[in-house]
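[1] need a 3D model of the following:
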Amino acid sequence: MWKNTELNYGRIAKILHWFTALTVFSLFALGFWMVDLTYYSQWYKTAPHWHKSIGILLFLATLFRLVWRYYNLDPKAVANHSKWEKTASKITHVTIYVLLLTLMISGYLISTADERAIEVFSWFEVPALGELFDSQADISGVIHLYLAYTLIAISLLHAVAAIKHHFIDKDDTLKRMI
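    The predicted structure is shown next:
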């Protein structure tokens, strides 16, 4: 089943979820590693190129994911979830989407402040808008850093909650996304 049902997520939603999770953690690791590269490192240009390219592809996948989510049925919460768990789930998911989009926009603002387009794996270029405000690259860099740490923290809490539902509550929350 490709589409969601009232009880389960479809293949598209599952693929997008796990693709996003893997990509976010990979980009975080890559970004964490590449900030300490020196000019003389063989990865000095390659690592940022990959980080930007994958980030743009994740942005496009996130936009597709939001459209898919909008036009698709949202499975009902598991019956034994309390009201606060349902509310926390909605807030967490909205927060993750807002963080993802804001993180990617800040990355774009860092990369294009010098008026150079972002080349995505030599497939296409994302045009630059240039410096829209003073110290754009620096301000966006700080925002990008803190948003990345926040996204990782919330994603880990999200994973812990899913594991709690699986092993402690013994409900189908995690099974529906696998």
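
[2] show me where the chain has its strands.
    Listed in chain order, the strands of the chain (DSSP state E) span 118-120, 124-126.

[3] and residue 163, how far from residue 34?
    In this structure, residue 163 and residue 34 are 30 Å apart, going by Cβ to Cβ, to the nearest Å. Quick note: C-beta positions are derived from backbone N, CA and C, even for glycine.

[4] which one of these two has more residues nearby?
    Counting neighbours by other Cβ atoms under 10 Å for residue 163 and for residue 34 shows that residue 34 has the greater number, 16 against 12.

[5] dump the residue contacts of the more buried one.
    Residues touching residue 34, when contacts are defined by Cβ atoms under 8 Å, 6 or more residues apart in numbering, comprise 43, 47-48, 51.

[6] any quick PyMOL command for the buried ones out of the residues you listed?
    Selecting only the buried entries of these in PyMOL, with 16 or more other Cβ atoms under 10 Å as the criterion:
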select buried, resi 47+48+51
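
[7] export the contacts of residue 34 to TSV and tack on distance to residue 146 and pLDDT?
    As requested, the contacts of residue 34 are arranged in TSV below (distance: Cβ to Cβ, whole Å; pLDDT from 0 to 100):
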residue	distance to residue 146	pLDDT
43	24	96
47	21	97
48	19	97
51	17	98
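
[8] grab the two from the contacts of residue 34 that are most spread out in space.
    Between all members of the contacts of residue 34, the longest pairwise span (Cβ to Cβ) is found for 43 and 51 and amounts to 10.7 Å.

[9] for residue 129, which non-adjacent residue is spatially closest?
    In space, not counting the residues next to it along the chain, residue 129 is nearest to residue 112; the distance is 6.0 Å by Cβ to Cβ, 6 or more residues apart in numbering.

[10] helices along this structure, start to end?
    For the chain, the helices defined by DSSP state H cover 11-34, 46-71, 83-112, 136-167.

[11] cheers, nothing more for now.
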